[in-house]
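Undergrad: Kindly generate the corresponding structure for this input.
(3 chains)
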Amino acid sequence: MENNELIPKKHKILDVYAQTDLDITYIVEYHGPLVVGTFLQVSIPRVGEAPISVSDFGDGFVELTIRKVGTLTDEIYNLNKGDYMYLRGPYGNGFDINQYKNKHLIVVTGGTGLAPVKQLVNYFSDNKNEVKKFDILLGFKSPKDVLFKDSIAKWKKNANVIVTVDSANALKTWDDKEGLVTEFISEFKVKDIDEVEVIVVGSPLMMKFTVLEFLKRGIPKSKIWVSFERKMSCGVGKCGHCKIDDTYVCVDGPVFDFVKGETLID
Amino acid sequence: MGFKLSNIEFNDIIKELSKNHKVYAPKRVESRGRFSDTDLILYKEIEAVEEIVYDKKSTYSPKEIITPITQTMFYFNEDGYKEANIDDKKIVIFIRPCDINALRRLDTIFLKNGDTEDYYYKRLREKVTIIMIECKESFENCFCVSMKSNKTEKYDLAVRISDEGVLCTSNTKEFTELLSKYKEVDFKPKFVKKNINVVNVPNITDINKEIFNHEMWDEFNARCIACGRCTTTCSTCTCFNTTDLHYDDNPNSGERRRTWASCHIDGFTTMAGGHNFRKDNASRMRFKAMHKIYDYQKRFGENMCVGCSRCDDICPQYIKFSSTINKISNVLKEGGKDGK
Amino acid sequence: MSLDINTKKLTKNAYRVTKNRNYTALRVRVPGGAINAEMLSIVSEIAEKFGDGSVHITTRQGFQINMIPLDKVDEVNKYAKKLIIGLEINAVHPENGYPAAGTRNVSGCVGNRECPIAQFNTTDVVKRIEKIIFPNDFHFKIAVTGCPNDCIKAHSQDFGIIGQADVEYEYSRCIGCNACSKRCKKVSTEALTPKNGKIIRDSRRCIGCGECVLACPTSAWTRNPNKKYKLVIMGRTGKINPRVAMPFIEWTTEKIITKIILKTYEFVDKYIDRTLPKEHIGYIVDRVGFKEFKNFILEGIEMNDGAKISESINFGGYFNDKDRIFKTY
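TA: Residues are numbered from 1 along each chain as shown, chains lettered A, B, ... in the order given. This is a model prediction of the structure:
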């Protein structure tokens, strides 16, 4: 049984806080190496398993931000501080931080797409001398869907941050932008295309159109990085659900440059 | 070198094996076919050679012995997990050359893909002894020759079964010893040399992006009903779902299971929240077809499809997978333009 | 010159008294509507040689060969002999033509010789029933149909025999694709419900249509090879009270159904109103009462395990003669 890595292990929930009406962040006891952009299989025995991106990690903990979208996440929603969740992983390749060092880094996310890159954004925000320039464009559906508000406030001090919502619903207190992320890409001034690295994470549609905007501006495919979301189930390249072409998103991805990403036709 | 055994003598061998093996072979299950008063040929445990259906193709492939349709992974209660046990007995399978070649595809997915060997596959696979059923002649629809899977040396024992008795030859010491007391004869298994159904398998380097979006797939929106039979009978399809359930009388205990899944059946790519990556039947057909004859090869070096043609035998809509492969080849020949 | 004909004898010989004076029509029994080309050519030969070449295909799957001169009946019977023997109709003296006409041709849908949905070989069952009940002068209409779709309209017969798939579920073969439950909901009775990646079957709802077996991609659903049938009874058209046959027994066997039919002949023999030229079985049951009928015909019959028998039947239909329900003041 020791070599059966498909059996999840019990992890204590250290803290829980709500991000939005639908998104909750769990700080879970975790020891072991993690990489930004990877995911864990989160289980509630009796209910099932789901792939959840690592949104942050540190000494002895992992942060998981979970959106209530199905039966399993409904169950997870009921968990409190001191309860346990079951984890296996981490799975996937994640982002290679070194790829972006000393570059002009542009990160564009849509909705919960921010979670898998949050730790990376944190890193470069804290170590802003490690990037030449740092642009962040974060899109959400509406003001009440904005995630990681404290972090965003912090990033705003160290990077060029644009926060936009599809619709602010005429909310007076909303003093950020309104509109789709694709409308703001022109605001990033790129001096040297060779120095740019772009990360785009969001829904399939958001990624498609955002990447298109960057391509239009002459950014090479090899410098655009996307993180695919698929129905990852086993996490170890066996069950077949996340396969696209010859690629198993769970083991080869979820992070791809767009040279590869473009070939992945569902 | 080989041996000739009467059915009675061969049944002694089966009896001997049965002491510490479960012996599986294609067996007729009467009146359990899809239509009333038709039979199924399924892999079942047997006790005698006479039970083996050697002159027909089995409806389903032997994969269900090693990757069971439903497989409990572990049980759980408030305290934790308990791994599901398996039978102590080893496994003997009477299996045809194409299906032996299919077994290598299963091995590739479960043991080689990703960074880990699949625990549940491995523990059953390790138990398997292979007895090859000789296939001298092709059945209807078979295209094993086109898929280069008509031949194999990967067997422990090869048999030619007939009503008069069994001719066999072995690649292992164990079987040769077991057979040594029987009549020695010259026997070498023959393999299918030619199928009526010849398939032009495209060269993977010729596959281009256009073929993915080609209109040749559109007809399957109307023709394919997404029933999944082609994948459940397929000897190389390996996809599975994982589900948890709890027992009605004790909601705190339950189990996690694997069950076969199919890329043709609804829900295969549906994520929590409802987004579905391949909604229409044409794209599912294309996904399966390309996996069988293109992307698997790109990743692992040989085509996935072995040409057993069970999918062609079973499709209720008369969709012939072998024709689909030919269509792909034709479209590529015409430069990926309109394939009509 | 008018002929001297015993019309009672004529009709029992399967000839009709038609509106065309001096001409009759022969009714050819074709059990289950199953006929081969050779027999078909004899029908055509009789029509050409003796009739005006026209043939009517009856609703009971027989042929009515029209415009046969009444004085040719004996000659026609020589030809009919070939049909009687070829179609395996019981007759001690086939050269004399059909020995009876009261018990009608047993009709049947094409069944599983061709139909993918049918649960059994209807033609074989029809032939076995025909062998047992014919010849008989009592007016019985029987039809056999392969599945609850009831293509033969067994519901308008005195006895309608409907194939039921006694489906069995192999839990471990089920992949939870829900093809069966979706199909059942769409085309049948919603007897199947998905649960935990498997299926729960409500046996009270299941009518044995077999759609789940047809839909299942892994053969988790199969049919028990022991055939089961539903018997619907006392359906009819006609002037007084047309109505649909109602379920009497479900999940029973051919043997039991055959016994019930035979017992019903005894029942008719006992209760028929002989002052009438003929009395249909349904009206006899109406007159005598369902309870009495049920007790009579089930006496001595041992039911199979799992058979379901109707406690009471509300036949319904409608009455053309309103005085039967409305009293005129």
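Undergrad: Now do the helices in the chain.
TA: This is for chain A. Remark: helices assigned in chain A by DSSP state H are A:71-77, A:115-126, A:149-158, A:204-216, A:249-252, A:258-261.
Undergrad: nope, chain C please
TA: Counting by DSSP H, chain C has helices at residues C:7-12, C:37-49, C:73-86, C:122-133, C:179-187, C:211-215, C:254-271, C:281-288, C:290-298.
Undergrad: Packing partners of the longest one?
TA: Contact here means 3 or more CB pairs under 8 Å, 6 or more residues apart in numbering or on different chains; DSSP states H and E; on that basis helix C:254-271 packs against helix C:122-133, strand C:159-164, strand C:228-233, strand C:246-252, helix C:281-288, helix C:290-298. (Each C-beta comes from the backbone N, C-alpha and C, glycine too.)
Undergrad: winner for burial among the helices of chain C?
TA: helix C:211-215 (a mean of 24; mean count of other CB atoms under 10 Å in any protein chain shown).
Undergrad: For that helix, give me every contacting residue.
TA: B:34-35, B:227, C:116-117, C:165, C:167, C:179-184, C:187-188, C:192, C:221-223 (CB atoms under 8 Å, 6 or more residues apart in numbering or on different chains).
Undergrad: How is the chain partitioned into domains?
TA: I went with chain A, as the question did not name one. Chain A breaks down into these domains under automatic domain parsing: A:9-91, A:97-261.
Undergrad: ah, I was thinking of chain C
TA: As assigned by automatic domain parsing, chain C contains the domains C:7-96, C:107-163+C:228-324, C:167-223.
Undergrad: Once you drop chain neighbours, what's closest to the residue of chain A found nearest chain B?
TA: Closest residue of chain A to chain B, CB to the nearest CB: A:Gly237 (2.9 Å). Leaving aside its sequence neighbours, A:Gly237 sits nearest to B:Gly114 (CB to CB, 6 or more residues apart in numbering or on different chains; 2.9 Å).
Undergrad: partner residues bridging residue 163?
TA: In the absence of a named chain, this looks at chain A. Note on A:Val163: beta-bridge partners by DSSP bridges are A:Leu138.
Undergrad: if you could check chain C rather than the one you did, that'd help
TA: With DSSP bridges as the rule, C:Gly163 is bridged to C:Tyr229.
Undergrad: and if you look at the one 5 residues further on?
TA: Counting by DSSP bridges, C:Glu168 is bridged to C:Thr222.
Undergrad: Now do the contacts for it.
TA: With CB under 8 Å, 6+ apart, C:Glu168 has these contacts: C:Trp221, C:Thr222, C:Arg223, C:Asn224.
Undergrad: before we move on, what about A:Val107?
TA: Contacts of A:Val107 (CB under 8 Å, 6+ apart): A:Val117, A:Leu120, A:Val121, A:Phe134, A:Asp135, A:Ile136, A:Leu137, A:Val198, A:Ile199.
Undergrad: pretty sure the fourth one is touching A:Asn158, no?
TA: Yes - judged on CB atoms under 8 Å, A:Phe134 makes contact with A:Asn158 at a distance of 7.2 Å.
Undergrad: re the thing from before, dump the helices of chain C into TSV; add mean pLDDT as well.
TA: TSV is the format used below for the helices of chain C (pLDDT from 0 to 100):
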stretch	mean pLDDT
helix C:7-12	94
helix C:37-49	97
helix C:73-86	96
helix C:122-133	98
helix C:179-187	97
helix C:211-215	97
helix C:254-271	97
helix C:281-288	94
helix C:290-298	96
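Undergrad: that older thread, which residues sit in contact with the residue of chain A closest to chain B?
TA: Each residue near A:Gly237 by CB under 8 Å, 6+ apart is listed here: A:Tyr248, A:Cys250, A:Val251, B:Ile109, B:Asn113, B:Gly114, B:Asp115.
Undergrad: ok, for the fifth one, nearest residue in space, not its chain neighbours?
TA: Think B:Asn113. Among residues not flanking B:Asn113 along the chain, A:Gly237 sits closest, at 4.2 Å (CB to CB, 6+ apart).
Undergrad: Can you tell me how far the one you found is from C:Glu254?
TA: Separation of A:Gly237 from C:Glu254 (CB to CB, to the nearest Å): 54 Å.
Undergrad: same question, B:Asp249
TA: Going from B:Asp249 to C:Glu254 by CB to CB gives 41 Å.
Undergrad: related to what we said a few turns ago, how about the domains of chain A in a markdown table, adding distance to B:Ile14 and mean pLDDT?
TA: Listed next are these as a markdown table, based on distance: least, CB to CB, whole Å; pLDDT from 0 to 100:
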| stretch | distance to B:Ile14 | mean pLDDT |
| --- | --- | --- |
| domain A:9-91 | 42 | 92 |
| domain A:97-261 | 33 | 92 |
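Undergrad: Neighbours of the residue nearest to A:Gly253 when sequence neighbours are not counted, how many?
TA: The shortest distance from A:Gly253 to any residue other than its chain neighbours is 5.1 Å, reached at A:Phe228 (CB to CB, 6+ apart). Applying other CB atoms under 10 Å in any protein chain shown, we find 22 residues neighbouring A:Phe228.
Undergrad: Then C:Glu88?
TA: Neighbour tally, C:Glu88, other CB under 10 Å: 11.
Undergrad: got the contact list for it?
TA: With contact taken as CB under 8 Å, 6+ apart, C:Glu88 is in contact with C:Pro31, C:Lys127, C:Glu130, C:Lys131.
Undergrad: nearest to chain A, of these?
TA: Of all those, chain A sits closest to C:Lys127, with 51.2 Å by CB to the nearest CB.
Undergrad: What pLDDT does the model give the residue lying closest to that closest one once chain neighbours are set aside?
TA: Computed as CB to CB, 6+ apart, the closest residue to C:Lys127 that is not its neighbour in sequence is C:Pro31, at 5.4 Å. According to the prediction, C:Pro31 has pLDDT 98.
Undergrad: pretty sure C:Pro31 contacts C:Thr103?
TA: No - counting by CB under 8 Å, C:Thr103 is not a contact partner of C:Pro31; they are 11.5 Å apart.
Undergrad: Can you name the residue of the stretch 201-340 of chain B nearest to chain C?
TA: Counting by CB to the nearest CB, the stretch 201-340 of chain B gets nearest chain C through B:Leu245, at 3.8 Å.
Undergrad: dump the residue contacts of B:Asp88.
TA: By CB under 8 Å, 6+ apart, B:Asp88 lies in contact with nothing.
Undergrad: I'd guess it is in a helix, am I close?
TA: No - looking at B:Asp88 with DSSP: H, G, I helix; E, B strand; the rest coil, it is coil, so not inside a helix.
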